[in-house]
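> A predicted structure for the sequence below; I have some questions about it.
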Amino acid sequence: MRTRKMTAALAALLCTALIPAGALPAAAVEGAITQFDFEQSLSDWAGRGAASVALSADQHYAGAKSLYCSGRTASWNGAAIPLDDSTVQAGQTYSFSAEALYPTGEDADTFYLSFQYKDTAGEPVYDHIAMANARRGEWVQLENTAYQIPAGATDMYLYVEMPNGKGDFYLDDVVIAQEGVKVDGAGQPNVRVRTSAMTGDINGDGTIDVFDLALFKRGLLRQFENRYDEQSADADNNGTVEVMDYFYLVQYIHGVRTEFPEPPEPPKPQFNYDPALAYHEAPREYLDPCSQAGTITKETYTGIRGTKSLNVYTPYGYDPSKQYNIFYLMHGGSENENTIFSDDVKLGRILDHMIMNGELEPLIVVTPTFNGSGSEAGNFWDEFRQNVAPFVESKYSTYAKSGSLEDLRASRMHRAYGGFSMGALSTWCVADHDMDIVGYFMPLSGNNWEGMGKLTGEIDSLGLKQNEYFIFAATGSKDLAYGNMRPEMEDLKTKTQYFTYTSDFSKGNYYFLVADGNVHWWGQVRHYVYDALPYFFHEGS
């Protein structure tokens, strides 16, 4: 086992070919391939995701400075550096070490030293090299003396992240060395880190017993060790730990009760609408794979036009015991049900990032197809009503109790339909014929071939009020559909009996977003979904 030691010959060697520019170690490690002490520069270290990095003298493990990582908005955000063949090679085994500290937050938390690369198929892969539990304000060492980089790996990155939070942290003395090299570092304290809370299980051992009672007394009289312990002690789930919770615990332990009171349904926060929403593209990294990816499942059903397939996106952590809003999104002409979640459009990745970053409530997204239902998409509304919605919502957990027409009608304000180009035509036709089961509509770069009289006639026949249906249309100023859409959209503005124009759906129910210069292309249209979808599902019951 090699330890921290430097010879004159080794020092000379480390200061030349083996050390990249900017990585100037204060105390070299024998067997090191490269080492970063952040005394002079950041080298090629950069922020990952929304994070930013800078040199700081506020904290340091060795020397006088360290890397400071701030601005994290998601747990995977952190500090990263690219690695190439001059530093490490695929298929080889190396020793990795880093020192990390977080200054604020929970009493105890967790760090990951992680590795990102593309496999032989070109798909991104994320792997954890080392994990360390840490105490607030104390340096901890992340170390793995024998991590083998997978064969064929390319586009490699080393990075540090904190999986349980979004707080700032410091990084120092990062070492990549030959296999087996042991770096003298801060080590790891004996820290218990909890990442979830279970009612009654205060010590987190999976069992509710007298040991939890002891921790309850200590926490109530003094202070709970962390927020998860305190959440677990709240036996009646009312948001406050009090004496009554103790009696609930005693009753549970002695078998007087078999379950704790259900937590109250939290009030739904008021959505912050922009009354004149402008076009914004999703962040570039939203097109990259997400660490909290949803699942896309292909389903097959037999309906009024034969056997067909559709794809169902369920969000990360999908729980069949919960209810989810649902969005049906139709492809354009010469496309199919696979287009929208393909590597060309990547809408699934955009949804993943939006949900993970709190921009969008977890929801189900379905991509059906009108292919096989005629040369146009205009008659798909019938198949949607009779087959698609009943099939999907009898299998997946939405606000509909079943796939019956009665239950679809009762849950219409939790259902949306949209589409691009010919899919937009199908959207208008669903609005013209199926508004009794759909509350939100998103026609993208396509006009209503049936005419707006059909739309207002459907509204009249159902006796709906303006706060019971919403349309968010979008296209580009250079889109081939713009010339047909614009006069129709301007006409809707004049139909004040039916529509109030604003993107603030708490005050109106119709909006037309035009992206300057955009054309008839999914590469731009996908961003309309990014802009519009967060505005759905906040109104009605």
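That came through fine. Numbering: from 1, shown residues only.

> pLDDT weak spots in this structure?
For the chain, residues meeting the criterion pLDDT under 70 lie at 1-27, 190-196, 265-268, 373-375, 541.

> name the nearest residue to the most centrally placed residue in the chain, sequence neighbours excluded.
Centroid-nearest residue in the chain: M356, 2.1 Å away (criterion: Cα atoms, centre = their mean). Leaving out its chain neighbours, the residue that sits closest to M356 by Cβ to Cβ, 6 or more residues apart in numbering is Q292, at 4.4 Å. Any C-beta I mention is one placed from the backbone N, CA and C, and that applies to glycine too.

> in a strand, that's where that neighbour is, yeah?
No: using DSSP: H, G, I helix; E, B strand; the rest coil, the secondary structure at Q292 is coil, not a strand.

> I figured it hits R349, correct?
No: at 11.0 Å, Q292 does not count as touching R349 under the criterion of Cβ atoms under 8 Å.

> who's more crowded, those two?
Between Q292 and R349, counting by other Cβ atoms under 10 Å, R349 is the more crowded of the two (21 against 15).

> spit out the contact partners of the more buried one.
Residues counted as contacts of R349 (Cβ atoms under 8 Å, 6 or more residues apart in numbering) are Y286, L287, D288, P289, C290, A293.

> report the buried members of those residues.
For those, a burial check counting by 16 or more other Cβ atoms under 10 Å picks out Y286, L287, P289, C290, A293.

> which two of the contacts of R349 have the greatest separation?
Pairwise distances across the contacts of R349 (Cβ to Cβ) peak at 13.0 Å, for the pair L287 and A293.

> hmm, back to that, distance to D127 added to the contacts of R349, as a markdown table?
Shown next, in a markdown table, are the contacts of R349 (distance: Cβ to Cβ, whole Å):
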| residue | distance to D127 |
| --- | --- |
| Y286 | 22 |
| L287 | 21 |
| D288 | 16 |
| P289 | 13 |
| C290 | 16 |
| A293 | 15 |
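
> which one of the residues you listed is nearest D460?
Y286 (40.6 Å).

> contacts only, for the closest one.
By Cβ under 8 Å, 6+ apart, Y286 lies in contact with R349, I350, H353, M354, Y530.

> that one and Q116: what is the separation?
Taking Cβ to Cβ, to the nearest Å as the criterion, Y286 is separated from Q116 by 17 Å.

> now I355: which helix or strand?
helix 347-356 (DSSP states H and E).

> what sits up against the very next helix or strand once past that helix?
Proceeding N to C from helix 347-356, the next assigned helix or strand is strand 363-367, under DSSP H and E. By Cβ under 8 Å, 6+ apart, the list of residues contacting strand 363-367 from outside reads 310-315, 318, 324-331, 337-341, 347, 351, 355, 388, 392, 396, 398, 537.

> recalculate using a threshold of 7 Å.
310-315, 324-329, 331, 337, 340-341, 351, 392, 396, 398 (Cβ atoms under 7 Å, 6 or more residues apart in numbering).

> can you count the residues close to R48?
Neighbours of R48 (other Cβ under 10 Å): 24.

> mind listing what it touches?
Contacts of R48 (Cβ under 7 Å, 6+ apart): N77, G78, A79, A80, Y159.

> find the nearest non-adjacent residue to it, please.
A80 (4.2 Å).

> ok, now how distant is the one you found from D37?
On the measure of Cβ to Cβ, A80 and D37 end up 17 Å apart.

> of these two, which one has the most company?
D37 (25 against 22).

> pretty sure the more buried one contacts A64?
No: counting by Cβ atoms under 7 Å, D37 stays clear of A64, with 9.6 Å between them.

> okay, and the common contacts of the two?
With Cβ under 7 Å, 6+ apart, D37 and A64 have no common neighbours.

> before we move on, back to that, between the contacts of R349, which sits nearest Y68?
Checking the contacts of R349 one by one against Y68 (Cβ to Cβ), the nearest turns out to be D288, at 24.6 Å.

> mind listing what the closest one touches?
P124, R349.

> run a quick neighbour tally on E359.
15.

> repeat that for the one 10 residues further on.
Under the neighbour criterion other Cβ under 10 Å, T369 is assigned a count of 22.

> same deal with M452?
Applying other Cβ under 10 Å, I find that M452 has 18 neighbouring residues.

> quick one: the residue nearest to R48 and M156 touch, right?
No: shown here, A80 and M156 do not form a contact pair, counting by Cβ under 7 Å, at 10.4 Å.

> now stretch 339-355: how far from the chain's centre is it?
With Cα atoms, centre = their mean, to the nearest Å as the basis, stretch 339-355 stands 11 Å off its chain's centre.

> same check, this time on stretch 99-110
Going by Cα atoms, centre = their mean, where stretch 99-110 is centred and where its chain is centred differ by 23 Å.

> how about stretch 137-157?
24 Å.

> distance between the ends of it?
27 Å (Cα to Cα, to the nearest Å).

> so A473 bridges to which residues?
As for beta bridges, A473 partners with F512 under DSSP bridges.

> same check, this time on V140
Under the criterion used (DSSP bridges), V140 bridges to A100.

> so it makes contact with D173?
No: assessed by Cβ under 7 Å, V140 is found out of contact with D173, at 11.9 Å.

> between the two, point out the one with more neighbours.
Neighbours were counted for V140 and for D173 using other Cβ under 10 Å; D173 has more, 27 against 24.

> the more buried one and E99 touch, don't they?
Yes: between D173 and E99 there is a contact under Cβ under 7 Å: 4.7 Å.

> overlap in contacts, those two.
Common neighbours of D173 and E99 (Cβ under 7 Å, 6+ apart) are Y61.

> and this protein, what are its domains?
For the chain, automatic domain parsing gives the domain ranges 8-178, 195-266, 284-535.

> Y273 is nearest to which of these?
Ranking the domains of the chain by proximity to Y273 (Cβ to Cβ) places domain 284-535 first, at 3.9 Å.

> how distant is the closest one from the center of its chain?
For domain 284-535, the distance to the chain centre is 20 Å (Cα atoms, centre = their mean).

> need the distance between the two termini of it.
End-to-end distance (Cα to Cα), domain 284-535: 21 Å.

> next one: stretch 79-98
Using Cα to Cα, one end of stretch 79-98 lies 12 Å from the other.

> try stretch 60-75
Rule used - Cα to Cα; the end-to-end distance of stretch 60-75 is 23 Å.

> for it, buried residues please.
Using 16+ other Cβ under 10 Å as the burial criterion, the residues of stretch 60-75 that qualify are 60-63, 65-70, 72, 74-75.

> how deep is D343 tucked in, by neighbour count?
Here the number of neighbours of D343 (other Cβ under 10 Å) works out to 9.

> what kind of secondary structure is it in?
Applying three-state DSSP: D343 is coil.

> quick one, phi psi at it?
Main-chain dihedrals, D343, degrees, to the nearest 10: phi -70, psi -10.

> measure it to H527 for me?
From D343 across to H527, the span is 17 Å (Cβ to Cβ).

> what are the ranges of the helices in the stretch 1-150 of the chain?
Secondary structure of the stretch 1-150 of the chain (DSSP state H, counting those that start in this stretch): helices at 8-14.

> pretty sure S426 sits in a helix.
Yes: judged by three-state DSSP, S426 forms part of a helix.

> residues in contact with it?
M330, F370, A377, G378, F380, G419.

> with H254 instead?
H254 makes no contacts at all, as judged by Cβ under 7 Å, 6+ apart.

> heads up, I number from 50, so please use that
Happy to do that; since the first residue is 50 now, the last one works out to H303.

> any idea how far it is from V259?
10 Å.

> next one: G472
Distance from G472 to V259, by Cβ to Cβ: 61 Å.

> so the residue nearest to R97 bridges to which residues?
Where A129 sits in a bridge, its partners, by DSSP bridges, are A95, Y208.

> quick one: contacts for it?
Listed by Cβ under 7 Å, 6+ apart, the contact partners of A129 are A95, R97, Y206, L207, Y208.

> thanks a lot, catch you later.
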